[in-house]
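Colleague: Sequence first, then the predicted structure:
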Amino acid sequence: MGVTTTLLPRSISLLPIPNPQRPNLRLASPLCSSSKPSNNGASPPPNKNSTRSTSTSTKRRRRGSYGGSRRSVIKKSFTQEQVTFTTSLSDDPVVGIIGGGVSGLVCAATLEERGVRSTVFDTGMHGLGGRMATRVIHPQPLVFDHAAQFFTCTDKRFQKLVDRWLEKGLVREWKGKIGQLEAGGKFTPILDPEPRYVGVNGMRFLADSILDQSKMIDIVRPCWISKIEPFNGMWYLSEKEQLHGQFDAIVIAHNGKCANRLLSSSGLPLLTRQMKRLELSAIWALLAAFNDPLPLQRNMDFEGAFVKGVESLSWMGNNSSKLQLKSGTPHCWTFFSTSAYGKRNKVPQENIPNVTAEKVKEEMLQGAELALGLPKGGLQQPLYTRVQLWGAALPKNTPSVPCIFDPLGRAGICGDWLLGSSVESAALSGMAFANHIADYFENGGSNPNQFAIGLEETFQEVHGHDIGQFPGMNSQKADVDESQMVLTS
Ligand SMILES: Cc1cc2nc3c(=O)[nH]c(=O)nc-3n(C[C@H](O)[C@H](O)[C@H](O)COP(=O)(O)OP(=O)(O)OC[C@H]3O[C@@H](n4cnc5c(N)ncnc54)[C@H](O)[C@@H]3O)c2cc1C
């Protein structure tokens, strides 16, 4: 990958680091102390006491009627005021993308293909990718994909993208045996007609490389955009009080509480309403490394299994074989709970009490014993463990639209939940938003109503496994009533 990232202690203030390979990459310190907005040539932050123009580039910013007073151009709608931009669009509009998961990254890449510049903001301390996450523990190293495990591909547009990733050596087919494992150790292989894909060195490294060769995209991370404000026909994005740029349009490429908070006072009631309709599951992840291979029964030499009938477990996957880690190193497994278990054991994910972490670890390891048909204590003690709660793991419902766009507020949403719950649905949503807004820009922002999408749709239930959907794969969600599950607590 052509991007090197260095994290500095919080006490060190950091200016944007020029990267010889990626001149357009900017890193923010954990406090996001970069000294100027990411949008080169951007003007000063909106100052409520000031009515002066916010742009220095007359070429890029045509003045419109959206002047110093926001009140003059907003009208009441629902409980929030709707912001309505009346300025003409810039000649060279820039999009602010809040979220560097696969949807935000594919959105940025597609915008570039359409000749539109963008900046991606992401909270990731270790890298981009969001729920395409890989954790590397040094010095061994131990490597775990700790959310998305693999993905499938049914859509031609996504396949084209995946083919490019294959050519660049970022992904490869995962041919390891996977199947369904019933409590007690009954394993049934899933025979796939379609390929399964994994990031060559883990999902995060795929995400980190997606924008490697981009010329029109800025990346700012780690950065937690905490405020979006409309002013003078532009969106101003900031983290705490630190301004991070001004944008002609923005897209929220994440979900959950954080997105609700960001939207709640933004002047985008229609986006807020759709985001609030979204329901999310919670899933516990247990990363565990073992000195010896797990004692799988004969003919059960699987690399991944959807677990059926055990409440504390819905998936177990062997990263060491999947990622072809060096032999002789510890065996790194990722275990996921069911969403029922996640709900029953939900705590604040950023502040997991030790007692909960210990309980969940024990119960998930017991779940693995049950699933594999081992006697109590039959599973070796792991040499390394870590539990993590994905508090906003997967969408439980979807409006089934490729993206959402409010043309009056020049803001939208992309993400997996708009189409389903998979890497494929997230990528397709990012692509769709980019094409939609590029069309809107090409149209000069006129006939805004023609570009409204996804603002009214009602939601349906998402069907799939507890860890998401795998379009095209011959497998059913473990169809077990909660009352039939073996509980480990
Ligand atoms: C446990 C688990 C297992 C899964 N397994 C699979 C699988 O095997 N196969 C599969 O296809 N799918 C799987 N999925 C689903 C898949 O990971 C997601 O559908 C997909 O990665 C979602 O991408 P996204 O871009 O929509 O959102 P995300 O990946 O969630 O990206 C959103 C990004 O926005 C960032 N962000 C949030 N708020 C802000 C802010 N205010 N400022 C800046 N950045 C912000 C977040 O940090 C994050 O990086 C799994 C998910 C989970 C949780």
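Modeller: In hand now; what should we look at? Numbers count the residues shown, from 1 in each chain.

Colleague: contacts and neighbour counts: CA atoms only from here.
Modeller: OK.

Colleague: can you give me the helices in this protein?
Modeller: Remark: helices assigned in the chain by DSSP state H are 102-113, 156-167, 203-209, 257-264, 269-277, 319-322, 339-344, 354-372, 423-442.

Colleague: ok, is the third one in contact with the ligand or not?
Modeller: Read that as helix 203-209. No. Figure legend: helix 203-209 not in contact with the ligand (C-alpha under 6 Å from any ligand atom); closest approach 9.2 Å.

Colleague: ok, and what's touching that helix?
Modeller: Here helix 203-209 makes contact (C-alpha atoms under 8 Å, 6 or more residues apart in numbering) with 1-3, 101-102, 105, 127-129, 132-134, 145, 148-149, 170-171, 199-200.

Colleague: what does the longest one give?
Modeller: Applying C-alpha under 8 Å, 6+ apart, the contact partners of helix 423-442 are 89, 93, 102-108, 110-111, 114, 116, 148, 151-153, 157-158, 253, 402-405, 412-420, 446, 448, 451.

Colleague: Can you point out the buried residues in that helix?
Modeller: Neighbour counts over helix 423-442 (16 or more other C-alpha atoms under 10 Å) mark 423-438, 440-441 as buried.

Colleague: Where do the domain boundaries of this structure fall?
Modeller: 25-40+66-128+210-278+397-458, 136-200+280-395+466-484 (automatic domain parsing).

Colleague: Does the ligand have contacts with the shortest one?
Modeller: Yes. Taking C-alpha under 6 Å from any ligand atom as the criterion, domain 136-200+280-395+466-484 and the ligand are in contact, through 147-151, 283, 390, 393-394, 467-468, 470.

Colleague: Show me how far that domain is from its chain's centre.
Modeller: 18 Å (C-alpha atoms, centre = their mean, to the nearest Å).

Colleague: Check the longest one too.
Modeller: For domain 25-40+66-128+210-278+397-458, the gap between its own C-alpha mean and the chain's C-alpha mean amounts to 14 Å (C-alpha atoms, centre = their mean).

Colleague: do it and the ligand meet?
Modeller: Yes. Legend: contact between domain 25-40+66-128+210-278+397-458 and the ligand by C-alpha under 6 Å from any ligand atom is shown at 98-104, 121-124, 223-226, 253-254, 258, 415-416, 421-423, 426.

Colleague: quick one on the thing from earlier: mind putting the residues of domain 136-200+280-395+466-484 next to the ligand in TSV, neighbour count included?
Modeller: Output for those, formatted as TSV (neighbours: other C-alpha atoms under 10 Å):
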residue	neighbour count
147	23
148	20
149	27
150	21
151	21
283	29
390	21
393	22
394	26
467	25
468	21
470	23
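
Colleague: For these, give me JSON lines that also has pLDDT.
Modeller: Below are these laid out as JSON lines (pLDDT from 0 to 100):
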{"residue": "147", "pLDDT": "98"}
{"residue": "148", "pLDDT": "98"}
{"residue": "149", "pLDDT": "98"}
{"residue": "150", "pLDDT": "98"}
{"residue": "151", "pLDDT": "98"}
{"residue": "283", "pLDDT": "98"}
{"residue": "390", "pLDDT": "97"}
{"residue": "393", "pLDDT": "97"}
{"residue": "394", "pLDDT": "98"}
{"residue": "467", "pLDDT": "96"}
{"residue": "468", "pLDDT": "96"}
{"residue": "470", "pLDDT": "95"}
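
Colleague: between those residues, which is closest to residue 82?
Modeller: Using C-alpha to C-alpha, residue 394 is the member of these that lies nearest residue 82, at 29.1 Å.

Colleague: who touches that closest one in this structure?
Modeller: Contacts of residue 394 by C-alpha under 8 Å, 6+ apart are 280-282, 417, 421, 467-468.

Colleague: what residue ranges in the chain score low on pLDDT?
Modeller: Applying pLDDT under 70 to the chain flags the ranges 1-79, 475-489.

Colleague: Which members of the contacts of helix 423-442 are classed as buried?
Modeller: Applying 16+ other C-alpha under 10 Å to the contacts of helix 423-442 flags 89, 93, 102-108, 110-111, 116, 148, 151-153, 158, 253, 402-405, 412-420, 451 as buried.

Colleague: Could you work out the end-to-end span of stretch 204-217 for me?
Modeller: Using C-alpha to C-alpha, to the nearest Å, the span of stretch 204-217 from its first residue to its last is 19 Å.

Colleague: in it, what counts as buried?
Modeller: For stretch 204-217, burial by neighbour count (16+ other C-alpha under 10 Å) applies to 204-212, 216-217.
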